[in-house]
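Participant: Structure, please.
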Amino acid sequence: CSSDLFRMQASVPELADLSKETPATFDLYGPHSRDRGTFANSCLTARRLVERGVRFVQIFHRGWDQHGNLPNDIKQQCKDIDRAAWALIQDLKQRGMLEDTLVVWGGEFGRTVYSQGTLTKTNYGRDHHPRNFCIWAAGAGIKGGTVHGETDEFSYNVVKDPVHVRDLHATILNRFGLDHDKLLFKYQGLDQKLVGVVPAKVIKGILA
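Facilitator: Residues are numbered from 1 along each chain as shown. Reported below is the predicted structural model:
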């Protein structure tokens, strides 16, 4: 274990050294990809981690809880993430890594489409909305350009092809080559699973 830990620690300087990345790669991820701590730099680092065999990488982008000042804040959020997230997909694809790398983008809940608070041109917000929300996924056999599920005209309730978070987890495990119904362990008299004890299903409609 100590030798594994040493190898992990010793690999960090090379991993974190972006000096050998090409100008084209930095251009792909955008002008902030050279700046430590930015979302663009994190996406580029994520590709380097995956390239070196890291099996799970998580990137956070905070500050989406916009109950006010939405027009300005959402513009800045999207400016941070749009190009870099797109670049990560393109970079993985052109390196032949996307077919066995699953990229999932999501949050813990959705936001209402209607305004919260004072409604002015420059200041309003959106509240938490757990009834429906969207995520996107790419790679590892996910069918590109597919929209699964539909809401009512107010974007309030799901009216077609509902997906529970358990189904999402079952689908992610499926892309890893794992059957969620076979990953069982006994606990307090129940056959526990990674997706919970309530039945879950793989979302076959999004698979190529």
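Participant: Quick check: buried residues in stretch 125-136?
Facilitator: Of the residues in stretch 125-136, Gly125, Arg126, Asn132, Phe133 count as buried by neighbour count, 16 or more other CB atoms under 10 Å. (C-beta placed from N, C-alpha, C; glycine too.)
Participant: Pull the most distant pair out of these.
Facilitator: The two members of those with the most space between them (CB to CB) are Gly125 and Asn132, at 18.4 Å.
Participant: what's the residue nearest the centre of the chain sitting at in phi/psi?
Facilitator: Nearest to the mean C-alpha position of the chain, by CA atoms, centre = their mean, lies Trp105 at 2.1 Å. Main-chain dihedrals, Trp105, degrees, to the nearest 10: phi -120, psi 130.
Participant: so what's it up against?
Facilitator: Ala85, Ile135, Trp136, Ala137 (CB atoms under 8 Å, 6 or more residues apart in numbering).
Participant: Touching, the last one and Ile89? I think so.
Facilitator: Just to be clear, that refers to Ala137. No: the pair Ala137 / Ile89 is not scored as a contact, 10.4 Å apart, by CB atoms under 8 Å.
Participant: what residue ranges in this structure are flagged as low confidence?
Facilitator: Within the chain, the stretches with pLDDT under 70 are 1.
Participant: just the helices in it please.
Facilitator: Using DSSP state H, the helices assigned to the chain run over residues 2-16, 23-29, 39-51, 70-94, 165-175.
Participant: Between Ala137 and Ile89, which contacts overlap?
Facilitator: Here Ala137 and Ile89 share the contacting residues Val103, scored by CB under 8 Å, 6+ apart.
Participant: JSON lines for the contacts of Trp105, including distance to Lys201?
Facilitator: As requested, those are exported to JSON lines (distance: CB to CB, whole Å):
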{"residue": "Ala85", "distance to Lys201": "28"}
{"residue": "Ile135", "distance to Lys201": "17"}
{"residue": "Trp136", "distance to Lys201": "20"}
{"residue": "Ala137", "distance to Lys201": "16"}
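Participant: Looking at these, which are in strands?
Facilitator: Counting by DSSP state E, the contacts of Trp105 place Trp136, Ala137 in strands.
Participant: sorry, back to before: out of the helices of the chain, which is closest to Val113?
Facilitator: Short answer: helix 70-94, nearest of these by CB to CB, at 11.5 Å.
Participant: Show me what the closest one is in contact with.
Facilitator: Outside helix 70-94, the residues that touch it by CB under 8 Å, 6+ apart are 25, 28-30, 32-33, 38-40, 42-44, 46-47, 50, 61, 63-64, 66, 98, 101, 103, 105, 121-126, 138-139.
Participant: Type out the ChimeraX command that picks the buried ones from these.
Facilitator: To isolate the buried subset of the contacts of helix 70-94 in ChimeraX, counting by 16+ other CB under 10 Å, use the following:
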select :28,29,30,32,33,38,39,40,42,43,44,46,47,50,61,66,98,101,103,124,125,126,138,139
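Participant: Pro162 - how many residues pack around it?
Facilitator: Applying other CB atoms under 10 Å, we find 13 residues neighbouring Pro162.
Participant: how close does the residue lying closest to it once chain neighbours are set aside sit to Ile203?
Facilitator: Spatially, and ignoring its direct neighbours in sequence, Pro162 is nearest to Gly149 (6.7 Å; CB to CB, 6 or more residues apart in numbering). Distance, Gly149 to Ile203, by CB to CB, to the nearest Å: 9 Å.
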